[in-house]
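Student: give me a 3D structure for the following:
(one chain, ligands or ions: 2)
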Amino acid sequence: MKTVAIIGQKGGSGKSTVALHLAACAEQGGISTAILDMDPQGSAHRWFERREAPTPEVQREMDADALPKLQKAASSNGIGLLLIDTPGKAETTALAACEMADLILVPVRPTQFDLETLGTVKRTVRIAERADRAWVMLSQVPTNSRKVAVEGEEAIAGYGMPLVPVRFHSRADYAYAMTEGLTAPEYAPEGKASEEATALYRWLTNELRLNG
Ligand SMILES: Nc1ncnc2c1ncn2[C@@H]1O[C@H](COP(=O)(O)OP(=O)(O)OP(=O)(O)O)[C@@H](O)[C@H]1O
Ligand SMILES: [Mg+2]
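Tutor: Ligands and ions are numbered 1, 2, ... in the order given. Have a look, this model is predicted:
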């Protein structure tokens, strides 16, 4: 089993959206997947309640100390991919999730306020001794400005953190899909959001050598 932590300082950066898309793609690819929703707001869990399909299963868990036990249980239950969705501004939770992770994803919007939180994120992954497994990903990139994305990538490089070679642009299909308990590839299979989500999942399978 592989474990992926999705962390970030800023609220609304796209953590839950990324987690749910990866989880649904993995299930679709034949990998039994579970999500631990550690955010008291419970957005991922509410998505699961709206969803008709029984997978990927989302379980709420607020206690960071329970994570190692839950990771073991998931592994013995035949889960192939465990995703941990964390709240923003919660260092203890993010740290606990990072410590268990094979890979860490940090979605950020390409804005000054979001990018400047990467210093704190970098400290967290260093404390967890996972700096070499933490990837920053651009999220909600405007579709009408190349400059914004390029400058965002430069800022990320300035933090010395690797960049995921796939971006999520700001697209209505992501938001509509979430509202329906779906993901973009399920909501609008031919759309660009679907393409991005599939590409992100493909990248992840390569990085983790995941096979369905
Ligand atoms: N790429 C995108 N395009 C359009 N809307 C998006 C995109 N990503 C996320 N959103 C929307 O932005 C809002 C915040 O996204 P999301 O809940 O995934 O962020 P988060 O980092 O998990 O937030 P929180 O810190 O509150 O948990 C949601 O309403 C979501 O539907
Ligand atoms: Mg969230």
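Student: all contacts plus neighbour counts: C-alpha atoms, from now on.
Tutor: Will do.
Student: can you spell out which helices and strands pack onto the longest helix that the chain contains?
Tutor: Longest among the helix segments of the chain by residue count, using DSSP state H, is helix 192-208. With contacts taken as 3 or more CA pairs under 8 Å, 6 or more residues apart in numbering; DSSP states H and E, helix 192-208 sits against helix 15-28, helix 184-187.
Student: how about the strands of the protein, start to end?
Tutor: Along the chain, counting by DSSP state E, strands occupy 2-6, 33-37, 57-60, 81-85, 103-108, 134-138.
Student: do you know which of these lies nearest Ala24?
Tutor: Closest approach to Ala24 among these (CA to CA): strand 33-37, 8.0 Å.
Student: just confirm yes or no for that closest one near ligand 1.
Tutor: No. Strand 33-37 stays clear of ligand 1 (CA under 6 Å from any ligand atom), getting no nearer than 9.5 Å.
Student: returning to what we had before: can you say which of the helices and strands packed on helix 192-208 is packed in most?
Tutor: A comparison of the helices and strands packed on helix 192-208 by mean neighbour count, using mean count of other CA atoms under 10 Å, puts helix 15-28 on top with a mean of 24.
Student: who are the packing partners of that helix?
Tutor: Helices and strands touching helix 15-28, by 3+ CA pairs under 8 Å, 6+ apart, are strand 33-37, helix 43-50, strand 81-85, strand 103-108, helix 192-208.
Student: in its sheet, what does the third one sit against?
Tutor: Right, the one you point to is strand 81-85. strand 2-6 (parallel), strand 33-37 (parallel) (DSSP bridges).
Student: save those strands as TSV, and put in distance to Gly88, mean pLDDT and mean neighbour count too.
Tutor: Output for the strands paired with strand 81-85, formatted as TSV (distance: least, CA to CA, whole Å; pLDDT from 0 to 100; neighbours: other CA atoms under 10 Å):
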stretch	distance to Gly88	mean pLDDT	mean neighbour count
strand 2-6	10	98	24
strand 33-37	12	98	25
